[in-house]
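1. Next one to model:
(one chain, ligands or ions: 4)
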Amino acid sequence: MLFSAAMAKTLATLFLLFPACGAPGSGGGGAAGDDPFDSALDADSDADGDVVDDGGDADSDADSDVVDDPEICDGFDDDGNGLVDEGCECEADASQDCWTGPDAVAGVGACTMGTQTCVLDGEFPEWGDCTGQGSPEAEVCGDGADQDCDGEDEPCEIVDVAIDIDGDCVTAECPPDHPFPVGCDVVFEGGDSRGCVAYDPPSSSIYFQEGDVCNAGHLSGTITCSTEPGDGLDEDNCPINKDDPFYVTDPDDCPGDGGGPFGF
Ligand SMILES: [Ca+2]
Ligand SMILES: [Ca+2]
Ligand SMILES: [Ca+2]
Ligand SMILES: [Ca+2]
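-> Ligands and ions are numbered 1, 2, ... in the order given. Below is the predicted model:
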C-alpha cells in the first residue's frame with residue numbers, strides 16, 4: 001500500500017508536534033524511542049482517569065478498594081497505583097500531606113500521613129513521591145500509643161501492681177480492669193522465718209501474713225494482676241522472702257495462735 005499525500009502530511013505534522021509537547025520526564029529533549037503520551041505517571045490527556053485500572057478491577061493493591069476510583073487531587077492514592085495525585089497541578093516547592101495505604105487508617109496512630117513536594121520535572125510541576133508515612137506495627141499494650149492503627153492502645157492482659165503496706169495480716173487488691181491475681185513478688189519486713197500467702201481464685205484479694213501472729217510489719221513488692229483468672233498462687237509464681245513459706249486458700253489456714261493446721 002502506498003501512502004497518499006494526505007497521510008504523509010499528517011504523519012509529518014505529528015512528527016513535528018511530538019517533540020514540542022515536553023512531557024514530564026522527557027526533559028524536553030524527546031530522545032529517540034520516548035513516548036510522551038505513555039508515561040508511567042499517566043500524564044496523558046485521555047481523560048479516563050485510569051493509569052493501570054482499565055475495565056474496573058478486583059485488585060489487591062494497598063488502598064483496599066475493590067474497584068479503584070479515578071485519581072483526584074486530594075492527597076490520597078485514589079486509583080491504587082502507589083502514586084498520590086499524579087497528574088494534578090501544583091505549585092513548585094509546595095508540599096502536602098499524602099497517603100498511599102488503606103484510607104481507613106490514614107493518620108490514625110502510627111499510620112501518620114506522609115509528605116510530598118511539588119517538583120518541577122519537565123515543563124510542568126508535579127507531585128513527587130509520598131515519603132515518611134507511617135505503617136502499622138505490632139501493638140505494645142498499655143504504653144499509651146496506638147501501634148497497629150486501630151485507634152486505641154490495647155490494655156495489657158497482665159499488669160504488675162506495686163504494693164507498699166504497713167502492717168501484717170494485710171490484703172492487697174488487684175484493680176478492677178485486671179481483677180485476677182496470677183502472681184506476686186513480695187518482701188516481708190520482720191523477724192519470723194514464716195510467711196503465708198492466702199488466695200482463693202478468682203478473688204481479687206490476696207492475704208499476706210508473717211509469722212503466726214499479726215504484729216506491726218511491712219509488706220512491699222508487686223502483685224501481678226490479669227484480665228483472666230489464674231489457678232492460684234504458689235512458690236513458683238508468688239515468691240516471698242521467707243524460709244518457711246505457706247500457700248493456702250483460706251487465711252484461717254495460715255500459721256496462727258492456738259495450734260493451726262501447720263502445728264504452730
Ligand atoms: Ca494514584
Ligand atoms: Ca489523589
Ligand atoms: Ca500500644
Ligand atoms: Ca492499637
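
2. Spell out which residues of the protein are next to ligand 1.
-> Neighbours of ligand 1 within the chain, by C-beta under 5 Å from the ion: 71, 77, 79, 81, 83. C-beta coordinates here come from the backbone N, C-alpha and C atoms, glycine included.

3. Could you rerun that using 6 Å?
-> 71, 77-79, 81, 83, 86 (C-beta under 6 Å from the ion).

4. can you give me the helices for the protein?
-> 5-17 (DSSP state H).

5. still on that earlier bit, from the residues of the chain next to ligand 1, pick the one nearest Asp160.
-> Comparing the residues of the chain next to ligand 1 against Asp160 with C-beta to C-beta places Asp77 closest, at 43.8 Å.

6. any idea how far the closest one lies from Glu173?
-> Separation of Asp77 from Glu173 (C-beta to C-beta, to the nearest Å): 51 Å.

7. repeat for Cys214
-> 18 Å.

8. which of the residues in stretch 221-232 are buried?
-> Using 16 or more other C-beta atoms under 10 Å as the test for burial, stretch 221-232 gives 221, 223-226, 230, 232.

9. Tell me how far it lies from the chain's centre.
-> Centre-to-centre, stretch 221-232 and its host chain are 27 Å apart (C-alpha atoms, centre = their mean, to the nearest Å).

10. any idea of the mean pLDDT in it?
-> In this model, stretch 221-232 carries a mean pLDDT of 96.

11. start to end distance for that stretch?
-> Stretch 221-232 has an end-to-end distance of 18 Å (C-alpha to C-alpha, to the nearest Å).

12. Just the pLDDT for the residue nearest to Ser135 when sequence neighbours are not counted.
-> Taking C-beta to C-beta, 6 or more residues apart in numbering, and ignoring the residues beside it in sequence, Ser135 has Cys111 as its nearest neighbour in space, at 6.5 Å. At Cys111, the predicted lDDT confidence score is 98.

13. go on, Pro24?
-> 36.

14. How much space separates Leu233 from Asp177?
-> 20 Å.

15. and the residue of the stretch 151-264 of the chain nearest ligand 3?
-> Nearest residue of the stretch 151-264 of the chain to ligand 3: Asp153, at 3.9 Å (C-beta to the ion).

16. and that residue, what is it in contact with?
-> Residues in contact with Asp153 (C-beta atoms under 8 Å, 6 or more residues apart in numbering) are 139, 141-146.

17. Of these, select the buried ones using a PyMOL command.
-> Of the contacts of Asp153, the buried ones can be selected in PyMOL as follows, counting by 16+ other C-beta under 10 Å:
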select buried, resi 139+146
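
18. Low-confidence stretches in this protein?
-> Counting by pLDDT under 70, the chain contains low-confidence residues at 1-68, 257-264.

19. which bits of the protein sit near ligand 2?
-> Near ligand 2, when you scan the chain using C-beta under 6 Å from the ion, you find 71-74, 76, 78, 84-85.

20. Most neighbours among those residues, which one is it?
-> Greatest neighbour count in those, by other C-beta atoms under 10 Å, goes to Val84: 25 neighbours.

21. List the contacts of Asp166.
-> So Asp166 contacts 216-218 (C-beta under 8 Å, 6+ apart).

22. out of Asp77 and Glu173, which sits in the busier spot?
-> Asp77 (25 against 15).

23. ok, that one touching Asp69?
-> No: at 9.8 Å, Asp77 does not count as touching Asp69 under the criterion of C-beta atoms under 8 Å.
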